[in-house]
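[1] Okay, structure incoming, though there's no sequence with it:
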C-alpha cells in the first residue's frame with residue numbers, strides 16, 4: 001500500500017507538469033485537409049460509387065495553395081450536384097461533401113488570416 005501511495009505521489013506531479021498545447025487553427029486545418037484527401041481518394045477508388053464519381057476531377061487539398069478556396073467551392077458544388085443513380089444518398093459521398101464544407105468553413109471564417117499561401121497554382125490541386 002505504501003508503494004502505491006509513493007508511486008501515485010511521484011506520478012501526479014509529472015502528469016500535472018506535462019505541457020498541454022491546444023490545437024491551433026493551422027493544425028486543425030492540416031488534419032481536416034488530410035482527412036478530406038484520404039476520403040476523396042477512397043471515394044474515387046470505391047467500386048460502389050465509381051459510376052457517380054467518374055466525371056469528377058481528381059482533387060487534392062493543399063492548404064498552402066491560394067487557389068484552394070476556389071477549387072474547394074467548385075468541388076463542393078460538383079459533389080452536391082450528384083443526383084443520379086442514388087449518388088446523393090451514398091454515405092461516403094455525403095461524408096466527403098460534409099468534410100469539404102467543414103474545411104471550407106474553417107478556412108473561410110475561423111482561420112482567415114492565420115494561413116500563409118506559398119503559391120497560387122490551381123493545376124497543382126488537380127492531380
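    Here it is on my side, so go on. Note that the structure is predicted; figures quoted are calculated from it, not measured.

[2] all helices in this structure, in order from the N-terminus.
    Assigned by DSSP state H, the helices in the chain fall at 2-17, 25-45, 50-53, 68-80, 91-105.

[3] show me what contacts the residue nearest to the spatial centre of the chain?
    Central residue of the chain (Cα atoms, centre = their mean): residue 32, 2.3 Å from the mean position. Counting by Cβ atoms under 8 Å, 6 or more residues apart in numbering, residue 32 makes contact with 99, 102, 103, 106. In short, each C-beta sits where N, CA and C put it, glycine included.

[4] what pLDDT does the closest residue in space to the third one that isn't next to it in sequence get?
    I take that to be residue 103. Distance criterion Cβ to Cβ, 6 or more residues apart in numbering; nearest residue to residue 103, sequence neighbours excluded, is residue 32 at 4.7 Å. For residue 32, the pLDDT comes out at 91.

[5] Ok, residue 86 next?
    According to the prediction, residue 86 has pLDDT 72.

[6] Tell me how many other residues crowd it.
    By other Cβ atoms under 10 Å, 12 other residues sit near residue 86.

[7] And for residue 5?
    Residues lying near residue 5 (other Cβ under 10 Å) number 9.

[8] Also residue 59?
    Residue 59 has 22 neighbouring residues, counting by other Cβ under 10 Å.

[9] For the residue lying closest to it once chain neighbours are set aside, list the residues it contacts.
    Once flanking residues are discounted, residue 59 sits nearest to residue 75: 5.1 Å by Cβ to Cβ, 6+ apart. Residue 75 makes contact with 56, 57, 59, 100 under the criterion Cβ under 8 Å, 6+ apart.
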